[in-house]
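S.K.: Test case, fold it:
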Amino acid sequence: MANKTTFTPEEWSHIAGSVMVSSMAVTASDPSGLFGVMKEGMAGGWAMLEARRDPQANELVKAVSNDFATPETREAIRGRLQSTFKVKDAAEIKTKALEELRTVAALLDTKAPGDAAAFKSWLRDIGQKTAEAANEGGFLGFGGVRVSDLEKATLADIATALNTPAAGARA
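M.R.: Below is the predicted model:
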């Protein structure tokens, strides 16, 4: 089973940061206003908390979740993501996020093939939870749709970047 020692520090930064990147891609595709963005931003954190508590969680997922709980890891990831995502344009953030997810998929396939499918599925599911965290459209959280067409398209882009089936195509 893969863990932090399987990867170089730079590679681990990509792997551990991918949780936030998956959420960022969805949020950037169709920003939901202040409260919606806050709800969507918390989806990755909740996913890591759930993984830390789940005895059935994949070991690499647990390793990322546990390591992200350390201030050193959070600071390293925050610094790298801030330099990677300096842009203010939402479309460019989404593009960079998808590029980052392709990098993560390649690292997983190369260095952790036994854990790759489960980890990529987890990242895809985080994107789905992010999309479902806040209604799109409507007013003050009322009305609108659970997942917008733009978010659905981004979820498909995430699945493609990770080389996994789309969320609705699970076996």
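S.K.: any chance you could map the helices in the protein?
M.R.: Remark: helices assigned in the chain by DSSP state H are 9-29, 33-53, 59-68, 71-84, 90-111, 113-132, 149-162.
S.K.: just these: most buried one?
M.R.: Greatest average neighbour count among the helices of the chain goes to helix 9-29 (a mean of 23), per mean count of other Cβ atoms under 10 Å. Where C-beta positions appear, they are placed from N, C-alpha and C, glycine not excepted.
S.K.: I'd like to check the angle between that one and helix 71-84, please.
M.R.: 60 degrees (axes from the mean of the first three to the mean of the last three Cα atoms, to 10 degrees).
S.K.: so what pLDDT did the residue lying closest to residue 74 once chain neighbours are set aside get?
M.R.: If the residues on either side of it in the chain are set aside, residue 74 comes closest to residue 68, at 6.3 Å by Cβ to Cβ, 6 or more residues apart in numbering. We have a pLDDT of 88 for residue 68.
S.K.: Touching, residue 68 and residue 76? I think so.
M.R.: No: using Cβ atoms under 8 Å, residue 68 is not in contact with residue 76, being 10.3 Å away.
S.K.: measure the residue positioned nearest the centre of the chain to residue 81 for me?
M.R.: Closest residue to the average C-alpha location of the chain: residue 22 at 2.3 Å, with Cα atoms, centre = their mean. Distance of residue 22 to residue 81, given as Cβ to Cβ, to the nearest Å: 12 Å.
S.K.: Same question for residue 91.
M.R.: 18 Å.
S.K.: where does this protein dip in pLDDT?
M.R.: Applying pLDDT under 70 to the chain flags the ranges 34-36, 136-144, 167-171.
S.K.: if we go to 80?
M.R.: 31-41, 87-88, 134-146, 166-171 (pLDDT under 80).
S.K.: how far does stretch 135-147 stretch from start to finish?
M.R.: Terminal residues of stretch 135-147 are spaced 7 Å apart (Cα to Cα, to the nearest Å).
S.K.: Just list the residues touching the residue nearest to the centre of the chain, thanks.
M.R.: Residues counted as contacts of residue 22 (Cβ atoms under 8 Å, 6 or more residues apart in numbering) are 44, 97, 101, 123-124, 126-127, 130, 158.
S.K.: Turn these into a markdown table, including distance to residue 116.
M.R.: Converted to a markdown table, the contacts of residue 22 look like this (distance: Cβ to Cβ, whole Å):
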| residue | distance to residue 116 |
| --- | --- |
| 44 | 19 |
| 97 | 19 |
| 101 | 13 |
| 123 | 11 |
| 124 | 12 |
| 126 | 16 |
| 127 | 17 |
| 130 | 21 |
| 158 | 15 |
